[in-house]
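Q: quick one, structure for this:
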Amino acid sequence: MKTNWMKPLGVAAALSLTTSLASAETLKVVTDPSFVPFEMMDQETGEMIGFDMEVIAEVAERAGFDYDLQTMDFNGIIPALQTGNVDIAIAGITITEERKEIVDFSDPYYDSGLRILVRADNDSVTAIEDLEGQKVGTKIGSTSYDFLTRELEDNDGVTPYPGSSDMYMALMSRSIDAVFYDAPNVGYFAQTKGEGRVKTVGPLYEGQQYGIALKKGSEWVDEVNDAIASMKEDGTYDEIYKKWFGELPEDK
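A: Got it, this is the predicted structure:
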């Protein structure tokens, strides 16, 4: 009798679990398809790949929802959340007070800012002060150029380039000693075309934080935050970060 009673209970529990899994809510998630390396189209498979794509997949699994991924231009993302046409957005979205008035944000999942890139054999540069008197490439009209000319007393060697590929080529050809530019961009270069030849060093400067945006009043904020926290706690976040950007920045 005891055995016969336990078997139906196990079946019922299994059916309950199956029903629960089958009824997971499907949310509409939107991203910008051109913010490399956070989100971009894989030309061979036609699928979206990138740092954000791996983050949202892991968050969805841990938070307990399915999702339908859509793409749109970045300037349409916040309005789409406002109107309720989409539920969640992940696209390197900087958390600002103005945006927080019209959408909900998760806890920050990515610290952005400016970062130093040097050749792989350079162990003498670890912070901004080490760039004094050095030849440093950056991008014309960028916040990184403004930061360098403001922070370095000896900034005669700061050279603005029209494009990021130009300054990376100059670094690898030893025309300059370092590059100082947006952290995601230099990190991605270090992991792709510059792999084994260059490396990122030091902390982030002029920091900004990215968050996952949700429509105002979303019931999923706590679950998303819990998922992000657990990813960071068990090392999953670090693995994804290193895959796309290399080593995590040092704390200042």
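
Q: quick one: the helices in the stretch 101-250 of the chain, in order.
A: Applying DSSP state H, counting those that start in this stretch to the stretch 101-250 of the chain gives helices spanning 143-151, 164-172, 183-191, 221-234, 236-245.

Q: so which of those helices is the most surrounded?
A: Of those, the one with the most neighbours on average (mean count of other C-beta atoms under 10 Å) is helix 183-191, at a mean of 23. (Glycine included, C-beta is placed from N, CA and C.)

Q: pull it out as CSV, backbone CA atoms only.
A: The C-alpha coordinates for helix 183-191 follow below in CSV (Å, rounded to 0.1, in the frame of the first residue of the first chain):
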residue,chain,number,x,y,z
ALA,A,183,36.4,49.8,-22.6
PRO,A,184,34.1,47.5,-24.6
ASN,A,185,35.8,48.4,-27.9
VAL,A,186,39.4,47.9,-26.7
GLY,A,187,38.4,44.8,-24.8
TYR,A,188,36.8,43.2,-27.9
PHE,A,189,39.8,44.1,-30.1
ALA,A,190,42.1,42.4,-27.5
GLN,A,191,40.0,39.3,-27.7
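
Q: can I get the helices of the stretch 101-250 of the chain in JSON lines including mean pLDDT and distance to Ile78?
A: Shown next, in JSON lines, are those (pLDDT from 0 to 100; distance: least, C-beta to C-beta, whole Å):
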{"stretch": "helix 143-151", "mean pLDDT": "90", "distance to Ile78": "22"}
{"stretch": "helix 164-172", "mean pLDDT": "93", "distance to Ile78": "27"}
{"stretch": "helix 183-191", "mean pLDDT": "91", "distance to Ile78": "20"}
{"stretch": "helix 221-234", "mean pLDDT": "98", "distance to Ile78": "16"}
{"stretch": "helix 236-245", "mean pLDDT": "95", "distance to Ile78": "24"}
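
Q: got the phi and psi for Ile95?
A: phi -80, psi 120 (degrees, to the nearest 10).

Q: show me the contacts for it.
A: By C-beta atoms under 8 Å, 6 or more residues apart in numbering, the residues touching Ile95 are Phe105, Pro108, Gln208, Gln209, Tyr210, Gly211.

Q: tell me which of the helices of the stretch 101-250 of the chain lies nearest to Gly137.
A: Across those, Gly137 has its closest neighbour in helix 164-172 (3.5 Å, C-beta to C-beta).

Q: now do the strands in the chain.
A: For the chain, the strands defined by DSSP state E occupy 26-31, 34-35, 39-41, 48-49, 66-71, 88-89, 103-105, 110-119, 136-139, 158-161, 178-182, 198-210, 213-215.

Q: give me the spatial nearest neighbour of Met167, chain neighbours excluded.
A: Among residues not flanking Met167 along the chain, Gly137 sits closest, at 3.5 Å (C-beta to C-beta, 6 or more residues apart in numbering).

Q: cool, Gly141 as well?
A: Pro160 (7.6 Å).

Q: does that neighbour touch Lys139 like I think?
A: Yes. Applying C-beta atoms under 8 Å, one finds Pro160 in contact with Lys139, separated by 6.6 Å.

Q: got any residues that touch both of those two?
A: Tyr145.

Q: coming back round to it: where neighbours are concerned, which of the contacts of Ile95 has the most?
A: Gly211 (25 neighbours; other C-beta atoms under 10 Å).
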